[in-house]
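task: produce atomic coordinates for the following.
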Amino acid sequence: MAVRDRRARSGAAAGSAASLPATRRLSPVQPRTMVEQAAEAIVAAAARGIFLPGDRLVEAEIARDLGISRVPVREALRLLESQGIVVSTPYKGMRLMQVSNRDVAALMRVRLSLETLAVQEAMAVAGAEDAVTAGRRFAPLREAADAFVHLATGPRRDPAALVAGNHAFHDALCRTSGNLPLHALWQSLAR
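Residues are numbered from 1 along each chain as shown. From the prediction side, this is the model:
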């Protein structure tokens with residue numbers, strides 16, 4: 001896009017700018033706030049079994065472990081509470097939510113619906129693109145799939161790494177759809 005703008009300013013013919021592909025060569029960078037990083041760290045710790053369902057999440061301890069102030073940790077806990085991951089109980093503080101098989105099954109049905117829609121939309125968009133552009137669209141998904149296979153079949157099977165690899169694959173799948181609201185919903189459910 002910057003190339004297109006520079007050519008237009010330098011007096012290049014409009015036809016040459018129009019010949020550039022409409023898709024971006026690079027994915028936009030998403031800034032991550034301290035709050036988002038703290039929330040991701042808490043969820044990752046829960047995935048690794050550092051925090052277990054029902055455990056009290058002490059703001060000061062988490063802030064100390066992360067090397068940040070308590071304010072972003074407090075906001076991260078509120079964010080996770082809004083997503084149903086953390087539960088606030090008066091006089092007992094924040095706790096990691098309890099999870100039942102029924103809750104997980106309900107969540108997985110919703111994720112399955114979102115991911116099915118993501119596949120349908122990615123295929124529809126790719127069908128309208130030339131092979132090279134479609135290949136670029138699916139490259140991050142292919143890389144995430146290869147990385148997950150390596151984690152799953154490698155000599156050292158780290159459960160936390162498998163969870164992270166699974167998350168990366170499904171995240172890439174939803175990104176490939178190009179549907180930003182779908183991806184945002186998936187991210188909130190994936191935690």
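
so which elements touch the lengthiest helix in the chain?
For the chain, the longest helix by residue count, based on DSSP state H, is helix 101-127. In terms of contact count using 3 or more Cβ pairs under 8 Å, 6 or more residues apart in numbering; DSSP states H and E, helix 101-127 is assigned the packing partners helix 131-153, helix 159-176, helix 180-190. C-betas here are computed from N, CA, C, even on glycine.

need the residues that contact the second one.
Counting by Cβ atoms under 8 Å, 6 or more residues apart in numbering, the neighbours of helix 159-176 from elsewhere in the structure are 27, 44, 47-48, 111, 114-115, 118-119, 122, 137-138, 140-141, 143-145, 147-148, 151-152, 182-183, 186-187, 190.

repeat for the last one
By Cβ under 8 Å, 6+ apart, the list of residues contacting helix 180-190 from outside reads 83, 107, 110-111, 114-115, 117-118, 121, 167, 170-171, 174-175, 177.

quick one on the thing from earlier: among the contacts of helix 159-176, the buried ones, what's the ChimeraX command?
ChimeraX command restricting these to the buried ones, with burial defined by 16 or more other Cβ atoms under 10 Å:
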select :44,47,111,114,115,118,122,137,138,140,141,144,145,147,148,151,182,183,186,190
